[in-house]
Structures are given as C-alpha cells and as structure tokens.
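Engineer: here is a sequence with its predicted model. Questions after.
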Protein chains: 2
Amino acid sequence: MLSATSASNTGPAFPRPSLPGQACIREVGLRDGLQSLASVMPTAHKLQWIREAYDAGQREIEVGSFVPARLLPQLADTAELVAFAKTLPGLVTSVLVPNLKGAERAIESGADLMLLPLSASHAHSLANLRKTPDEVVEEIARIRAARDTSGSAIRIEVGFSTAFGCTLQGRVEPAEVLRLLQAVLDAGADCVGLADTVGYADPEMVRQLFELALPIAGERLNCGHFHDTRGLGLANVYAALQTGITRFDACLAGIGGCPHAPGASGNVASEDLAYMFASMGIATGIDFDKLMALRAKVAGWLEGETLHGTLWRAGLPRTMRAAAVTV
Amino acid sequence: MLSATSASNTGPAFPRPSLPGQACIREVGLRDGLQSLASVMPTAHKLQWIREAYDAGQREIEVGSFVPARLLPQLADTAELVAFAKTLPGLVTSVLVPNLKGAERAIESGADLMLLPLSASHAHSLANLRKTPDEVVEEIARIRAARDTSGSAIRIEVGFSTAFGCTLQGRVEPAEVLRLLQAVLDAGADCVGLADTVGYADPEMVRQLFELALPIAGERLNCGHFHDTRGLGLANVYAALQTGITRFDACLAGIGGCPHAPGASGNVASEDLAYMFASMGIATGIDFDKLMALRAKVAGWLEGETLHGTLWRAGLPRTMRAAAVTV
C-alpha cells in the first residue's frame, strides 16, 4: 500500500516550505464526468464507484446533480446515491443544483454540500441556465433563505464557471468575476470556487485571479476546478496551490470534456493529481494502488468512451514504488 | 498570423510582474524525438522540418547527434543537417555529442553548440555512456581543451540527465547533482541545463533544484528539459520559469519517450509549450499557425508512431483565435 504520506518519505529531501501540507481532491467524475457521456452508467456501478473511492481514501465526492431527469438522464439516480454516500462515515457528499428547485431537493436528500454554478460569462450563463449572472445571484439569495428556513446544515458552494474565459463569449473580465464574487458572498454563499470550465486558463491567469479574489473571499474561496483541455490542468493546479488553495475538483480517468471542443480532454484526472500531490509531499489521504484499481474498473465500465490521464500508462516512478515495497 | 506577442495583447489584462517577457523553445524533436523511434526519417523530410521550424520562428534547433551511425542510424545524417541549418540566418544549431570523438565531429561540422549529456545517476551514466559521472567530467575538460585548441566558437553545454531521479538507480541526490554541476563548470562548460530524462520530477522538485543550482551556476544554468511521462511536463516548465529559467527543450508532437517506460509520453510538446507561453504573454517569436501546420506534416511522416501533445486536438482558445483574425 502506498499512501501519499509514505510516498513523500522517500522522495527527494528538498525542504518544501512554500506549499500546504495537505490537500483535498473532490471526485467529480460521477457528476461532471458522467454528464458529458452519452451512455448512462447503471446505479449499481455508481454505488460501487462511490464505495471504492471512499475505500481509496477520497473524502469528498460529488455524486450527481438535481436537475430534471429529462435533461440529464445520466444523473437521474442522484437521490439514491446521496442516501448511500451518507452511510460512509466522514464522507462529504456534494451535489450540483441549478436553481431553487434543485436546492430544495438537495436539502431534502441530506447531502452535505450543494454546488451552484454561476457563469461569469453572460453568454454562457444565458445558454446554460437561461439566467443572467445577476439573476443567478438573486437565486442564490433565495436558496440561502430556503436553507436557513429548513434548518438544514447543508453548505452552499458557488462554483464560478468560465471564470477564465468562455467558448461563447470569449474573454471574461476579471473585474466582472470579482464583482460577482462579492455579490455571491453578500447573497449568502458559504464558500466559492473558480472554475476553468473550457480549458482557457494558464498558470499565470490562475495565480493572478486567485490572488485578486482571495482578499475579497478569504478562506471562503476554497476550490479550484480545472479542465485539461489544452494540457495545462496540472500546471494550473500548481499555480493555485501556490496561492494557498488546497481543494480541487478532479475526475477519475480525466472524463468530462466540453461540448464546445469535441475531442478535448475533460477535467484533470484524479489519479494524476493524486500523484502530483504525493510526489510533492502533500498528503491527500489517498491510497494510490486502490485508486488505480478503481480507475481500471471504471475504465472497463466506460468501454468505448475516450478516457484521459497520463499516469496509468507510465506507472509510479521507481522512487515511489520503493515506498510501496517497504511500507 | 498569430504571434506570441499579438496573442498576449488580447489575453486577460492581468499584470504579470513575476515571469520573464521572453523565452526560447529549443526544438529537440530531430534528436531526442527521432532517436527514440524505430523508423528512420529520410534526410529530405528532416531538412524540410528544419526549414519550416525556422519559418515558424524557431531559432534554436538540435538537429542530431554525433554518435556512431551503427548505434543510432536514425541520426546518421547529422553533418548534412548542420550544414543546411547553418544557411539559415540567426539559427542556433545544436548537436548532441557523447564524447571527445563526437565533439571533434561537432567542431568540424560548424555547429553553434554541442550538448554533452552527463547523467547525475551513476547507474544511468554507466548504462548510457559506459563512464562514471566523474569520468564524463574529465571528458568535458578534454573537450574544452580541444575546442579551445581548434579556435572554434562552438559553445559547450552540459545537460544533466536523470537530475530528478532515474529508472535504474531510483533516487538521485540533489547534493550529487550540485557537486557535479560545480565540477562541470570547473571543467569548462559554457552553460548547463537540468533534465528530467525519465519524467520523475514534480514542480516543487524543479523549483527547488533550480533554486539550489542557480547560486552555483548563475546565468550559465539556462536550460530546462522535461519529459511529460507522468503529465507534469508543463507544470515543471512553469516551476522552472518562476526561478528565472527562460530556455526549454521540447519536441514537436511530444515525440521521444523512454525505453524504460513503454507507452509513456516523451518530451513536452513544442506546440503545447508555445501555447502556454503565448497565453501567459511570454514572447517566443513562434508563429502558432505555422508551427501547427508543421506538426500536421511531421505527424504524416511519422504515421503509425504514437504522438502526444494536447493542443492539436482542442485548438487555440477563442480569445487567442480572435487575435489571429484582427492582427
């Protein structure tokens, strides 16, 4: 067994003062990944995925989305998945919700966290949610009120999609992201994340937007969501890490993608991200061998789909494999 | 036409104080790339590659290697390639040489720079060059003497292979890299680079080894060479950039690879690196459309070989494409 911690013990003996000691990889393959695929994964497979991701040490999983089943039949079993996930001690179960109606279902489901997407791009917001960004802010305020009224402890996270640019609109002004960020916090979001939905970000854009946003949001800005569409996903994670961000979305086998960029890769691959963190001595609690075994299983279920990620081909470096033998 | 400079003009208006304004991508596909492939590319194709890489703005190309043709028949036409490359004004023509005999051929050829690999891993050094690292240092001193005697202006660069770990030996001590670095400078190397030959490096290892090496070598440490075997190639470039390194090896279409990791990707892809730099506003002088056209041509010549890189699938972001229309 090779945990991130044991691996780091045999890595090069550089001092590592600048990076955090721990990080969290939120598995979003069951939501952001599966919603991009035409095929529908059977609920039994999804339950097994959640179970084995948990056994591999993952402690935050986005299990689905409360959108109408006619729009996303791939995610129609979300309530059942939440119910199962809630039986796993210490697991933070998150679900995506597009609006107040979805939020009410999320509250009812008992999930720990609901993620609301807000597109910083006006054009993308209209295309995706048929609302302007400011109308989404108003919806967030209504969701916050509903949550507070319900007495639920579910947390409200807002994910800023297209924060680094948009395939429809092109450029997205950082000033607009920051304005909406303040509005969303004022409307009652518990936490926020910045997402490069279409793979337009580079490490400097990431560093600088997070550095501009952190003084506004403080610790409530606690998630980075990067797609690897143009090969910069892991570099972008590293840039965000350097600003102090320690929580990242990722999809096993890099599934996901973007309808506006056919053939492009999807989210950063969970296993590649786990490897990068382990190599840098950043603890994630993930058992690498178990995660790779799960990847192989999921790859089998998704036969015919295009998978991504790099590490599964090359395997761990000998320097980290040595740890697996001795630990 | 989209140059790196024009692209950056339409990128997000973040201030970018921390990164260099310019960088150089040395194309090493003709050497590090082709030497890993079983097939031999015809000289006519190589000449066309050099010509079109030059036309796309590349100003440093490693055209081949002066090793015995029986060992690397893929590179047997190196002298002819140097002769052609020397006709292109302002092009820095580099060749790899394994020993004094190769260095003598490099001096004779009229190349601008000869690259000597020195394995920081004792085991890799013996396997690759049948010499210990310290015997290679002695050879470098002999090469320096031969260069000075010849009156040639050819520059001597030492590339530290396996500087971040080795598939044969495993761990490579940073202290050993630094000891050899000082020895190589004392022996008369004009400049040095650090190479992650087998894809074991992570961004923090890169940052820290360069930060340890720069006080020893100063501006003579001016090259980073990263393989993308485990997906961290571009993240590693970004980490090295942050230490002030502005010159990187890369292979068009990410060819290359590692005999010890079958199926693994090779060097960072030149076109992906050019995209990352352009997106970050770092000028490379590369015309992106011409580079991508050349990539497509080389891909045709290498039909049946595994190519890598990400950008060719997704294309440039709309934000950068807009520049192509308006410039």
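Structural biologist: In hand now; what should we look at? What you see is a predicted model; the values in this text were computed from it and never measured. Residues are numbered from 1 along each chain as shown, chains lettered A, B, ... in the order given.
Engineer: only C-alpha atoms for contact and neighbour calcs from this point on.
Structural biologist: Fine.
Engineer: tell me, please, the helix or strand in chain A that averages the lowest pLDDT.
Structural biologist: Within chain A, no helix or strand scores below helix A:4-9, which has a mean of 37 by mean pLDDT, DSSP states H and E.
Engineer: in the stretch 101-250 of chain A, which spans are helices?
Structural biologist: A:122-129, A:133-150, A:174-186, A:203-217, A:233-242 (DSSP state H, counting those that start in this stretch).
Engineer: just want the angle from the first one to helix A:133-150.
Structural biologist: Read that as helix A:122-129. Here the directions of helix A:122-129 and helix A:133-150 differ by 50 degrees (axes from the mean of the first three to the mean of the last three CA atoms, to 10 degrees).
Engineer: in the stretch 151-300 of chain A, what residue lies closest to chain B?
Structural biologist: The stretch 151-300 of chain A approaches chain B most closely through residue A:235 (3.9 Å), counting by CA to the nearest CA.
Engineer: skipping adjacent residues, who's closest to that residue in space?
Structural biologist: The shortest distance from residue A:235 to any non-neighbouring residue, by CA to CA, 6 or more residues apart in numbering or on different chains, is to residue B:235 (3.9 Å).
Engineer: that neighbour: what's it in contact with?
Structural biologist: A:232, A:234-236, A:238, B:202-203 (CA atoms under 8 Å, 6 or more residues apart in numbering or on different chains).
Engineer: measure residue A:27 to chain B for me?
Structural biologist: Using CA to the nearest CA, to the nearest Å, residue A:27 is found at 19 Å from chain B.
Engineer: for that residue, list the residues it contacts.
Structural biologist: A:58, A:60-62, A:249-252, A:270.
Engineer: what separates residue A:145 from chain B, distance-wise?
Structural biologist: Going from residue A:145 to chain B by CA to the nearest CA gives 35 Å.
Engineer: circling back to that earlier point, pLDDT wise, what is the residue of the stretch 151-300 of chain A closest to chain B at?
Structural biologist: Predicted confidence (pLDDT) for residue A:235: 98.
Engineer: with the one 5 residues further on instead?
Structural biologist: Looking at residue A:240, its pLDDT stands at 97.
Engineer: number of nearby residues for it?
Structural biologist: When counting by other CA atoms under 10 Å in any protein chain shown, one arrives at 27 neighbours for residue A:240.
Engineer: next, give phi and psi for the closest residue to residue A:59 other than its chain neighbours.
Structural biologist: Distances taken as CA to CA, 6+ apart place residue A:91 nearest to residue A:59, at 4.7 Å, with adjacent residues excluded. Here is the backbone geometry of residue A:91 (degrees, to the nearest 10): phi -80, psi 130.
Engineer: now check the helix or strand hosting residue A:277, is it near chain B?
Structural biologist: Element membership for residue A:277 (DSSP states H and E) is helix A:270-279. Yes. Using CA under 8 Å from any CA of the partner chain, we find that helix A:270-279 touches chain B at A:272, A:276, A:279.
Engineer: now, of the residues you listed, which are buried?
Structural biologist: Taking 16 or more other CA atoms under 10 Å in any protein chain shown as the criterion, what is buried in the residues of helix A:270-279 next to chain B is A:272, A:276, A:279.
Engineer: follow-up on the earlier one: in TSV: the helices of the stretch 101-250 of chain A, plus distance to residue B:194.
Structural biologist: Listed next are the helices of the stretch 101-250 of chain A as TSV, based on distance: least, CA to CA, whole Å:
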stretch	distance to residue B:194
helix A:122-129	43
helix A:133-150	47
helix A:174-186	36
helix A:203-217	22
helix A:233-242	19
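Engineer: could you say which of those helices is packed most deeply?
Structural biologist: Per residue and on average, the most neighbours among the helices of the stretch 101-250 of chain A fall to helix A:233-242, with a mean of 26 (mean count of other CA atoms under 10 Å in any protein chain shown).
Engineer: got the angle between that helix and helix B:203-217?
Structural biologist: Between helix A:233-242 and helix B:203-217, the angle comes out at 80 degrees (the same axes, to 10 degrees).
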